[in-house]
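In: any chance you can model this:
(one chain, ligands or ions: 1)
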Amino acid sequence: MAVGFNIFIGWDEAYFPRAKEFIPERWLRHRPLGPIHPYASLPFGSGTRMCVGRRIAEQELHTFMARVMHRFTVDYKHEDIDCVSKLVFVPSKPLKFTFTERR
Ligand code: HEM
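Out: Predicted structure coming up:
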């Protein structure tokens, strides 16, 4: 239910300005693209049956990303990537990132 909801609302300009552009900065705490309705994105569900692993999952993602970015410089020197909806949004092309170990 929550996943389906995300697909349909995720591209709705009424909830997400420049909805089809990949702008992860929209999620920063100060919401540079404007406020986001608290129920516009529910990847972990909501209410009494929402995901009990949410905090673990988010902590793991943050720790993983921080450790990777601390260790590597990440480059992408290919064509623009779009996203397609396959139950959830996924990249339209393979992600050919180059990871260079930082010195
Ligand atoms: C990115 C990672 C994850 C996503 C996107 C996710 C998403 C979800 C969603 C959408 C639900 C259903 C919520 C609802 O019915 O409203 C759910 C339920 C659940 N998730 Fe996750 N989950 C993630 C990671 C985890 C992890 C790491 C754990 C355990 C450590 C976990 C344990 C559970 C459990 C036990 C439920 C059932 C809760 C209930 O029915 O009371 N999940 N999750």
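In: what is the neighbour count of Val52?
Out: Neighbourhood size, Val52 [other Cβ atoms under 10 Å]: 9. C-beta: built from backbone N, CA, C; applies to glycine.
In: let me know the helix or strand that it is in.
Out: For Val52, there is no host helix or strand (DSSP states H and E).
In: point out where this protein drops to low pLDDT.
Out: Residue ranges of the chain with pLDDT under 70: 1-9.
In: centre-most residue in it?
Out: For the chain, Pro24 is the residue whose C-alpha lies nearest the centre (Cα atoms, centre = their mean; 6.4 Å).
In: after the longest helix belonging to the chain, heading C-terminal, what element do we hit next?
Out: As assigned by DSSP state H, the longest helix anywhere in the chain is helix 54-71. Where DSSP H and E defines the elements, the next helix or strand beyond helix 54-71 is strand 72-75.
In: can you list the strands that that next one pairs with?
Out: When pairing is defined by DSSP bridges, strand 72-75 lines up against strand 98-101 (antiparallel).
In: any idea how far the partner strand is from the chain center?
Out: Using Cα atoms, centre = their mean, to the nearest Å, the mean C-alpha position of strand 98-101 is found 22 Å from that of the whole chain.
In: contacts for it?
Out: Strand 98-101 is contacted from outside by Val68, Arg71, Phe72, Thr73, Val74, Asp75, Tyr76, Lys77, using Cβ atoms under 8 Å, 6 or more residues apart in numbering.
In: C-alpha coordinates for that strand, CSV please?
Out: Extracted C-alpha coordinates of strand 98-101, given in CSV (Å, rounded to 0.1, in the frame of the first residue of the first chain):
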residue,chain,number,x,y,z
THR,A,98,34.0,5.3,-10.4
PHE,A,99,35.2,4.9,-6.8
THR,A,100,38.7,6.3,-6.2
GLU,A,101,40.3,5.6,-2.8
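In: and for this structure, the residue most distant from the center?
Out: Largest separation from the mean C-alpha position in the chain: Arg103, at 28.7 Å (Cα atoms, centre = their mean).
In: and this protein, which of its residues are near the ligand?
Out: Applying Cβ under 6 Å from any ligand atom, we find that the chain lies next to the ligand at Ala2, Pro43, Phe44, Gly45, Ser46, Arg49, Met50, Cys51, Val52, Gly53, Ile56, Ala57.
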